[in-house]
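>>> Mind folding the following:
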Amino acid sequence: MTAHESRPAVGSCMLHGVKRPASRSRIVVILAFGLLSACGRQQEAATETGPRMVELVPVTQEGANELREFTGRVEQTSISSLAFEVPGRVVQIGVLDGARVRKGQLIARIDPEPYELQVRRADAQYNQLADDLKRKAVLHNESILSGGAFDQLKAAVEVARVQRDLARRDLRNTRLIAPFDGRIARRTIETEQTVQAGTPVFNLEKAERIEVGVELPQSIAESLPLNNALRAQAWTPDRPDNVFQLVYREHATQTTPTSSSYRLLFSVRQPAQLTLLPGMAVRVRIGVNPAPAANLALSVPIAALSVTPDGKHRLWRYDPGSSKVHAVPVDLREVRNNTAIVAGDLHAGDKVVGGGSQFVAEGQAVRPLDVTQ
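Next comes the predicted model:
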């Protein structure tokens with residue numbers, strides 16, 4: 001073999017020398033990865049089969065008479081439409097829209113002159129007939145005037161008296177007077193305008209008492225004493241320090257195709273240094289008289305609740321003896337911020353899974369998580 005022919009053999013031998021170490025390296029790496037993945041699967045399997053770590057929270061008990069806040073609205077209270085009882089031309093308007101008036105205060109006046117003339121005429125007719133009756137009475141006593149003629153004269157005097165009284169009443173009715181303390185909600189006339197009798201010209205709203213309406217869910221309303229024992233307070237959002245007391249008046253049920261609610265109506269005297277107008281929003285705090293211990297409510301964090309496939313609620317109660325959890329069906333009564341008020345086979349002090357309840361199952365072993373770590 002020549003030297004030239006031996007180079008390929010040397011080169012081939014060198015290539016084999018290089019390739020063999022590379023193949024061994026790849027095999028070592030593959031085996032190492034295989035061992036690591038196998039260890040990982042074993043650790044994962046061990047984790048899955050071991051107790052799941054969960055955070056436990058206590059079931060607490062709180063009074064059903066806790067104060068609760070809702071949004072209310074000032075209702076349009078009793079409004080009376082005021083109208084002149086006689087027609088005429090408006091010559092004076094004593095108040096403007098939104099003004100407060102006192103009982104007996106002059107609100108508006110129409111031209112009294114035509115009615116003053118009618119009073120003068122009625123007075124004259126009555127006085128004439130009354131004087132005539134006195135003269136004829138003497139003739140009647142002397143049997144000169146028949147009884148029938150005298151009776152007709154007495155009837156005419158009585159008619160004249162009634163016409164005089166009606167004329168005087170019409171004159172008084174040219175002045176529109178406030179029948180009670182209130183606030184002018186609306187005015188529909190101007191001076192020099194001719195108005196007809198009975199046409200509403202002012203809307204007068206009672207100002208002594210204001211009504212506040214609040215809508216409550218049925219679950220909350222049915223837990224309240226819908227009577228005079230119901231206590232409530234209110235304030236306007238811009239003046240939270242000016243709190244005024246509300247008095248329960250009545251309630252009504254409002255039913256829709258999807259839900260039911262209660263509309264509570266409270267009354268309150270017009271607060272000092274505060275004007276409440278219809279449509280204004282207020283915050284209402286409602287409470288009830290102290291309830292017996294049997295009526296105390298159970299509460300848990302809202303995150304502890306889970307929903308069953310049929311749409312019902314449940315909690316997972318922890319059994320410290322077996323370190324397992326068991327489902328407890330509950331009725332959700334109310335949600336207060338991040339707290340759920342529930343009813344079910346629970347007791348204050350029970351421990352339930354506080355979060356991640358969708359990852360536990362009936363009878364599963366769990367390990368409480370030390371949240372202080």
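
>>> give me every residue that touches the spatially most central residue of the chain.
Nearest residue to the geometric centre of the chain (CA atoms, centre = their mean): Val214, 3.1 Å. With contact set as CB atoms under 8 Å, 6 or more residues apart in numbering, Val214 has these partners: Phe70, Thr71, Gly72, Arg73, Ala232, Arg263, Leu264, Phe266, Val284, Ile286. (Glycine included, C-beta is placed from N, CA and C.)

>>> and the second one, bridged to which residues?
So the one you mean is Thr71. Thr71 has these beta-bridge partners by DSSP bridges: Arg283.

>>> list the contacts for it?
Counting by CB under 8 Å, 6+ apart, Thr71 has contacts Val214, Ala281, Val282, Arg283, Val284.

>>> Mind listing the strands the longest strand seen in the chain pairs with, and their directions?
Counting residues, the longest strand found in the chain (DSSP state E) is strand 239-255. Looking at strand 239-255 with DSSP bridges, its partner strands are strand 231-236 (antiparallel), strand 260-269 (antiparallel).

>>> Please identify the most buried of those strands.
The highest mean neighbour count among these, using mean count of other CB atoms under 10 Å, belongs to strand 231-236: a mean of 20.

>>> Kindly provide the whole-number mean pLDDT of it.
In this model, strand 231-236 has an average pLDDT of 88.

>>> CA atoms only: put that strand into CSV for me.
Provided in CSV are the C-alpha atoms of strand 231-236 (Å, rounded to 0.1, in the frame of the first residue of the first chain):
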residue,chain,number,x,y,z
ARG,A,231,-85.0,51.5,62.7
ALA,A,232,-83.4,53.5,59.9
GLN,A,233,-81.2,56.5,59.4
ALA,A,234,-80.4,58.5,56.3
TRP,A,235,-78.0,61.2,55.1
THR,A,236,-77.1,62.8,51.8
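
>>> Give me the contact list for that strand.
Taking CB under 8 Å, 6+ apart as the rule, strand 231-236 contacts 72, 212, 214, 241-246, 248, 266, 268, 274, 276, 280-289.

>>> ok, back up a step: tell me the one of the contacts of Thr71 nearest Gly355?
Arg283 (31.7 Å; CB to CB).

>>> and the closest one, what does it touch?
Contacts of Arg283 by CB under 8 Å, 6+ apart are Glu69, Phe70, Thr71, Gly72, Ala234, Trp235, Thr236, Pro237, Pro240.

>>> 7 Å instead, please
Glu69, Thr71, Ala234, Trp235, Pro237 (CB atoms under 7 Å, 6 or more residues apart in numbering).

>>> and the strands paired with strand 239-255 as CSV, adding distance to Arg186?
Below are the strands paired with strand 239-255 laid out as CSV (distance: least, CB to CB, whole Å):
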stretch, distance to Arg186
strand 231-236, 23
strand 260-269, 22
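
>>> Compare the ones you listed and give me the one nearest Asn337.
Short answer: strand 231-236, nearest of the strands paired with strand 239-255 by CB to CB, at 19.3 Å.

>>> can you give me the offset of the closest one from its chain's centre?
12 Å (CA atoms, centre = their mean, to the nearest Å).

>>> Quick check: Ile107 touching Leu96?
No: counting by CB atoms under 7 Å, Leu96 is not a contact partner of Ile107; they are 10.4 Å apart.

>>> Looking at those two, which has the bigger crowd around it?
More crowded of Ile107 and Leu96, by other CB atoms under 10 Å: Ile107, with 21 against 8.

>>> secondary structure class for the more buried one?
strand (DSSP: H, G, I helix; E, B strand; the rest coil).

>>> Where does the prediction get shaky in this structure?
Along the chain, the parts satisfying pLDDT under 70 run over 1-49, 62-67, 207-208, 255-259, 272, 288-296, 370-373.

>>> can you list the domain ranges for it.
What automatic domain parsing lists as the domains of the chain is 68-77+208-290, 79-205, 296-368.

>>> give the contact list for Asp331.
Applying CB under 7 Å, 6+ apart, the residues contacting Asp331 are Val342, Ala343, Gly344.

>>> Reformat the contacts of Arg283 as JSON lines; add distance to Leu369.
Shown next, in JSON lines, are the contacts of Arg283 (distance: CB to CB, whole Å):
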{"residue": "Glu69", "distance to Leu369": "34"}
{"residue": "Thr71", "distance to Leu369": "39"}
{"residue": "Ala234", "distance to Leu369": "44"}
{"residue": "Trp235", "distance to Leu369": "42"}
{"residue": "Pro237", "distance to Leu369": "41"}
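
>>> Show me which of those is closest to Pro112.
Closest to Pro112, out of all of the contacts of Arg283 and judged by CB to CB, is Ala234, at 45.5 Å.

>>> which non-adjacent residue is nearest Gly98?
Sequence neighbours aside, Ile184 is the residue nearest to Gly98 in space, at 6.2 Å (criterion: CB to CB, 6 or more residues apart in numbering).

>>> List the buried residues for stretch 172-182?
Within stretch 172-182, the residues that count as buried by 16 or more other CB atoms under 10 Å are Asn173, Thr174, Leu176, Ile177, Ala178, Asp181, Gly182.
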